[in-house]
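> quick one: sequence plus predicted model below, questions after.
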Amino acid sequence: MWAESHSKERPPGCQNPRQGCERPRAWPAPSLPSWGKGGPQGAGDLPKVTQETVAEASRSLRVSGADPPSPRAPAPPIGSSACGGAPPPRPVSPSAGLSGRLGGRSRAPPTQPGALRRERQGVRSARPAPHARRRRKAAAPAPAAPQPVRGSRRQPHPRSLCSGKAQPGGACSPPSRMKKLQGAHLRKPITPDLLTPSDQGDVDLDVDFAADRGNWTGKLDFLLSCIGYCVGLGNVWRFPYRAYTNGGGAFLVPYFFMLAVCGIPLFFLELSLGQFSSLGPLAVWKISPLFKGAGAAMLLIVGLVAVYYNMIIAYVLFYLLASLASSLPWEHCGNWWNTALCREHRGPKDGNGALALNLSSTVSPSEEYWSRYVLHIQGSRGIGSPGQIRWNLCLCLLLAWVIVFLCILKGVKSSGKVVYFTATFPYLILLMLLVRGVTLPGAWKGIQFYLTPQFHHLLASKVWVEAALQIFYSLGVGFGGLLTFASYNTFHQNIYRDTFIVTLGNAVTSILAGFAIFSVLGYMSQELGVPVDQVAKAGPGLAFVVYPQAMTMLPLSPFWSFLFFFMLLTLGLDSQFAFLETIVTAVTDEFPYYLRPKKAVFSGLVCVAMYLMGLVLTTDGGMYWLVLLDDYSASFGLMVVVVTTCLAVTRVYGIQRFCRDIHMMLGFKPGLYFRACWLFLSPATLLALLVYSIVKYQPSEYGSYRFPAWAELLGILMGLLSCLLIPAGMLVAVLREEGSLWERLQQASRPAMDWGPSLEENRTGMYVATLAGSQSPRALMVRMRRYGGVTSFENTALEVDREIAEEEEEESRM
């Protein structure tokens, strides 16, 4: 390149051509490989050549003729001279038109092309066009050489030294208000969110563009966070119950089939999106702005889930603190919350070994402790009359949110270290409970009940639907947590390997949890003299009624109870970390300049807001609201979001493009298995689940309580709201474009101008070639100044060249 080939010809002490260095009369067009629709041709040396060319062009041909001021040496005020001579030429703000791809949005709102053209014409009115400048230079004697300006490769024209309009005789008029504002803007310190990749070599900033966003401190942080996110409460209280009610061991056949068809492919797709773009659930839709509403739907769903999920953690904390007593409070009757129906099922047995009591007419102490003391549900007549706030639950909920806030205070830097304990310690406790359970009398009875295969269940569609739902909700696909975690990875993290580790590890954990749970239930059924199916429950009934009652039958019952609820606490916190990090990351990625420096404060505000929203769950009728949120917040709306994501990536963005992006990260393209699942199998399966859930819809209920019609309608609207955000986002994206409806749809569905890897060093292949697709360095610079990055559209360079040619014609007429 010219700068390198002429560097030896400069006189001593000459750092740039303004210090008397000669330069060629015309800038040679860079020799770059041409490319077309199919991508770059001759991609062997393409990334290196184009990056060097782009860097040289960005350092050489500044649109303004001057560099932005260095943060270590502030620029002199407008109208003054750095060396006592004439004032230097006024540079253009480096933030003009940036879209914020590299760490934040610009300070000024994006400018429309027409307004930007007029603004640039006004800026350039103070200096002549290049061809007019050369004519005057040949006709008139050269003026006195001004003081050199750092980083510029052009001699300034006397007319360009004016901060205002040039007057006859060389005088300068007072600067306009616009130029004063520009001068004030230029005196602000340069931060990474104001820089384009071309500015990186022009200022002395030793800053990594992704550093302020944060990254995992190690690969194990990401892996353990994903394991903790996927392995949650559902693995303990949902999978075992679904397994034994849907064929026992035969349930594993549809379970692993759905894992291969839906779980693994969708898991890998979400990780790939996040890692490639280093963006959250909202900003990642630069891949296709038409579907940004899907990101908003993710946030709505994860926000509602986070509100009631932390209430479950508050229940766990309540039981955990109660387990610190010398005897468990739900072990005996006779407390003030017990009724006459309370029976300690340890009464004398008759000769047949059966209880002399009628179990159907009695209530266990653990059940009354849960419903009458913890929930105090007798103080509410239904969901319409929640009753009073329970101060003990209110404090437990506050403690749960404080724990969550402290763990996510520094983002993934802090939560990535907490998961070293919260993601591994549950396995130790689960192993202890498993060993203790299988050594109890009657344990084998429960394990047989859990795993005995009943293959005739495989002919029922309900079994396959239950298996798909278990995979879908257990892996957490569609909530945005996986996408958020992957966005903090390094660009070449092996997420392909991590996908199989996490998904298969989650399945194995669910099966082991079933052994631990049903071994204890088998012992409990033998002690009570009842079948296993009469003591087995799912959901909160298993965690807060059945298993606590089983703990009372063991020696050292407070110790085993504490271990069990501490395991539930760590399992729940890992998932809650992901929910909160998803919300915080998505919003800060949308407003990085304002929120990213104050991310801890924003995280605290989110926790406070959600705590206030969750206070209704601490009332006497709070369990009714929790059931309503659990049934509708992440039901059919979540399926619609996942189907939309899958179709937008594979059909609109293009499966070939997406596989090429994965090849940039991992060095290989996904095989036929992933492509077939993304294109056909996964969307078809999810659509079948959606149709089945609508056809087999059943109203919500809690025990014997049936929700009123208005509550059902509220729940349906809650689920529909997340679905309606998708077409609403499409409408907004279409209205922002110009042209006919079809043209607007096409423009809104194309990737944004700054879509691609966040760091310039990772922008290879088409993402560099497209930027350098124009042979005009000036057009290239205009493109970078206007949009703050590169684009993956083939026609962008031609459009910019055409616009620049029009501007040149307009300048020549003036």
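On my side now, so go ahead. Numbers count the residues shown, from 1 in each chain.
> from now on I want contacts and neighbour counts done on CA atoms only, so please keep to that.
Will do.
> and the helix or strand where residue 550 lies, what does it pack against?
Using DSSP states H and E, residue 550 maps to helix 547-551. Under the contact definition 3 or more C-alpha pairs under 8 Å, 6 or more residues apart in numbering; DSSP states H and E, helix 547-551 sits against helix 365-368, helix 495-528, helix 557-590.
> can you verify my assumption that residue 619 contacts residue 384?
No: using C-alpha atoms under 8 Å as the test, residue 619 is too far from residue 384 to be in contact (11.7 Å).
> those two - which one has more neighbours?
The neighbour comparison of residue 619 against residue 384 (other C-alpha atoms under 10 Å) goes to residue 619, with 25 against 14.
> how close does the closest residue to that one other than its chain neighbours sit to residue 737?
Residue nearest to residue 619 in three dimensions, not counting chain neighbours: residue 389, with 4.0 Å by C-alpha to C-alpha, 6 or more residues apart in numbering. Using C-alpha to C-alpha, to the nearest Å, we find residue 389 at a distance of 50 Å from residue 737.
> next one: residue 292
With C-alpha to C-alpha as the criterion, residue 292 and residue 737 are 15 Å apart.
> okay, those two: which has more neighbours?
residue 292 (25 against 15).
> residues contacting that one?
Under the criterion of C-alpha atoms under 8 Å, 6 or more residues apart in numbering, the neighbours of residue 292 are 282, 283, 285, 286, 726, 729, 730.
> which residues in the protein form strands?
Secondary structure of the chain (DSSP state E): strands located at 35-36, 39-40, 701-702, 705-706.
> any regions of this structure where pLDDT drops low?
1-212, 345-361, 765-766, 768-804, 807, 814 (pLDDT under 70).
> so how many other residues sit close to residue 527?
Under the criterion other C-alpha under 10 Å, the count of neighbours that residue 527 has is 18.
> and for residue 710?
The burial count for residue 710: 10, using other C-alpha under 10 Å.
> now do the one 5 residues further on
A total of 21 residues lie near residue 715 under the criterion other C-alpha under 10 Å.
> do the same with residue 717
Residue 717, neighbours per other C-alpha under 10 Å, totals 15.
> same thing with residue 589?
25.
> surely it touches residue 280?
Yes: Residue 589 is within contact range of residue 280, at 6.4 Å (criterion: C-alpha under 8 Å).
> residue 259 against residue 470, yeah?
No: look at residue 259 against residue 470 with C-alpha under 8 Å: they stay out of range, at 9.4 Å.
> tell me how far residue 565 lies from residue 426.
Counting by C-alpha to C-alpha - residue 565 and residue 426 are separated by 10 Å.
> now residue 217: closest residue in space, sequence neighbours ignored.
In space, residue 217 is closest to residue 413, 6.8 Å off (C-alpha to C-alpha, 6+ apart).
> also residue 642?
That would be residue 478: by C-alpha to C-alpha, 6+ apart, it lies 5.3 Å from residue 642.
> that older thread, compare the helices and strands packed on helix 547-551 and give me the one nearest residue 249.
helix 495-528 (10.1 Å; C-alpha to C-alpha).
> and the closest one, what's buried?
Neighbour-count burial for helix 495-528, counted by 16 or more other C-alpha atoms under 10 Å, picks out 495-496, 498-499, 502-504, 506-507, 509-528.
> for stretch 677-695, same thing?
Those would be 677, 678, 679, 681, 682, 683, 685, 686, 687, 689, 690, for stretch 677-695 by 16+ other C-alpha under 10 Å.
> next one: stretch 647-664
Result for stretch 647-664 [16+ other C-alpha under 10 Å]: buried residues 647-650, 652-653, 655, 658-662, 664.
> quick one, helices of the stretch 351-500 of the chain?
Applying DSSP state H, counting those that start in this stretch to the stretch 351-500 of the chain gives helices spanning 365-368, 391-407, 412-422, 425-438, 443-451, 461-475, 481-487, 495-528.
> if we can go back for a sec, right, and the helices and strands packed on helix 547-551 - which one's nearest residue 255?
helix 495-528 (8.8 Å).
> packing partners of the closest one?
helix 219-230, helix 233-237, helix 239-245, helix 264-277, helix 425-438, helix 443-451, helix 461-475, helix 547-551.
> so for residue 305, which of those helices sits nearest?
helix 461-475 (11.9 Å).
> the closest one vs helix 219-230, what angle?
140 degrees (axes from the mean of the first three to the mean of the last three C-alpha atoms, to 10 degrees).
> who touches helix 461-475?
229-232, 234-235, 239, 242, 246-247, 251, 254-255, 258-259, 262-263, 267, 457-458, 503, 506, 689.
> then stretch 628-639?
298, 301, 304-305, 308, 478-479, 686-687, 690, 693, 700, 711, 715-716, 718-723.
> and it, how far apart are its ends?
End-to-end distance (C-alpha to C-alpha), stretch 628-639: 18 Å.
> quick one: buried residues of it?
Per 16+ other C-alpha under 10 Å, stretch 628-639 contains these buried residues: 628, 629, 630, 631, 632, 633, 634, 635, 636, 637, 638, 639.
> how far away is the third one from residue 755?
Taking C-alpha to C-alpha as the measure, residue 630 and residue 755 are separated by 35 Å.
> please consider this matter closed, and thank you.
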